Structures are given as structure tokens and as C-alpha cells.
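Novice: pasted the sequence and its predicted model underneath.
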Amino acid sequence: MRRHTAIVIIGFMVLATGRLPAQAEPGSIDARRELARALVGAWLPLERGLAVSAREGTPLSAKYEIDDGAFPLSVYTWKADTVSGDSFTEVIVDFSTGLVARVDTITAGNDLAAAQRQKATMARAKRSLGEATADAVRANAGYRAVSAMPGLDGSRPLAEVTLVRGDEWKIITVRLD
């Protein structure tokens, strides 16, 4: 009983501090099923999408999502520029060709704030998000990555990698240091 209570308290503490992103996996069961069905037709692994997007900058986060009926692989990237400052982009990778389909500059709002937080985390990382995602997939045979989101546990950089196999979902926390 004490162990269960401790786990619940720790879970609430993590949620209350908001250290790691809460949108790592779709919320509703229907959204999960729809995303899992769409992934069946996507041959491109998320970790490969991270590698493809790297030509646009350092990958900060990645996720397959259903967005207004479309099924993109979205990767936030960052480039340092000593003259004009940091630039952030959302790279849409075509899961059927493995090529960059579109690059959108992130300039304001919640997307910019998220990209800046992710950059701060990845600046502390010693491993890439792609390496961490590949490790999570290798350690969980039969699963594939749906998203990889960086976050901090105190000052320690971590990645939450959401995995799916059929109707089974799980989130793996992988150290980035």
C-alpha cells in the first residue's frame, strides 16, 4: 500500500511541476486508435525522420500526429546564428518518401515557447534525440516510436519517448546525459 501511495504522489508531483511535456501521446482512446492505424502505413521510423530533419538544424522534438485530417511527422529544429540569433523551424517529413516536405519558421506563440524550452534542454544533452529514441525502440521489441519530447528532471536532460505496438502504448524515459 505504501509503495502504491508513493508512486501516486510522485506521479502527481511530476505532473504538477510540468517538467516533461504532457502531450507526448494522444489523449483519447479514439485518437490513439486513429494514430495507431495511420502508423501502419508509415514505413518511416520516427528516429529516421529525426535524421532526415537534421539538415534543417538540430532536432529538438518529433511526433507523428493527426492534424486536421493530415498525418504529418513534425520535427522542431534549431539553428544557432551568431548574427541574427537562434532560428527555430518545424520540419514536416513525408513518411512515404522519407524526404522533407515542408519547412516552416517558428516565430511566435506557444510553438516558439516550446521550441525554446526544448532547445534549453537539448543544450544540456550529451546524446541526440535520435540516439535516445533508437535506444528506446531497440529496448522494446515490436514497438515503434510515435513521439520523442525532451524535458528536464531537475537539471538532468531526459527524453520521453512514446511507443506503440498495436493497441499497446507506453512512455519510456531515456536519459540524454
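Specialist: Perfect, I can see it now. Remember, predicted model here, so these are calculated numbers, not experimental data.
Novice: low-confidence stretches in the chain?
Specialist: Scanning the chain for pLDDT under 70 picks out 1-27.
Novice: in which helix or strand does the residue most central in space within it reside?
Specialist: Central residue of the chain (CA atoms, centre = their mean): Ala148, 2.4 Å from the mean position. According to DSSP states H and E, Ala148 maps onto strand 144-153.
Novice: that strand pairs with which strands, parallel or anti?
Specialist: strand 58-64 (antiparallel), strand 156-165 (antiparallel) (DSSP bridges).
Novice: return the list of strands paired to the very next helix or strand once past the first one, each annotated with direction.
Specialist: Tracing the chain past strand 58-64, the next element assigned as helix or strand by DSSP H and E is strand 73-79. Here strand 73-79 has these sheet partners by DSSP bridges: strand 58-64 (antiparallel), strand 87-94 (antiparallel).
Novice: JSON lines please, covering those and showing mean neighbour count.
Specialist: C-beta here means a position set from N, CA and C on the backbone, and glycine is covered the same way. As requested, the strands paired with strand 73-79 are exported to JSON lines (neighbours: other CB atoms under 10 Å):
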{"stretch": "strand 58-64", "mean neighbour count": "25"}
{"stretch": "strand 87-94", "mean neighbour count": "20"}
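Novice: got CSV for the strands paired with strand 144-153, with distance to Ser96 too?
Specialist: Formatted as CSV, those follow (distance: least, CB to CB, whole Å):
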stretch, distance to Ser96
strand 58-64, 13
strand 156-165, 19
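Novice: identify whichever of the ones you listed lies nearest to Val75.
Specialist: strand 58-64 (4.4 Å; CB to CB).
Novice: which ones are touching the residue nearest to Ala125 when sequence neighbours are not counted?
Specialist: Spatial nearest neighbour of Ala125, chain neighbours left out: Leu176 (3.7 Å); criterion: CB to CB, 6 or more residues apart in numbering. Residues counted as contacts of Leu176 (CB atoms under 8 Å, 6 or more residues apart in numbering) are 121-122, 124-127, 129, 132, 150, 157-159.
Novice: distance check, Leu176 against Asp135.
Specialist: 10 Å (CB to CB, to the nearest Å).
Novice: mind listing the helices for this structure?
Specialist: 2-17, 29-40, 46-53, 109-124, 129-138 (DSSP state H).
Novice: of those, which is nearest Thr97?
Specialist: The nearest among the helices of the chain, by CB to CB, is helix 46-53 at 9.8 Å.
Novice: what bridges to the nearest residue to Ala115 once chain neighbours are set aside?
Specialist: The shortest distance from Ala115 to any non-neighbouring residue, by CB to CB, 6+ apart, is to Phe88 (4.0 Å). Following DSSP bridges, Phe88 is listed with bridge partners Trp78, Ile106.
Novice: and Phe88, how far from Thr82?
Specialist: From Phe88 to Thr82 the distance is 16 Å (CB to CB).
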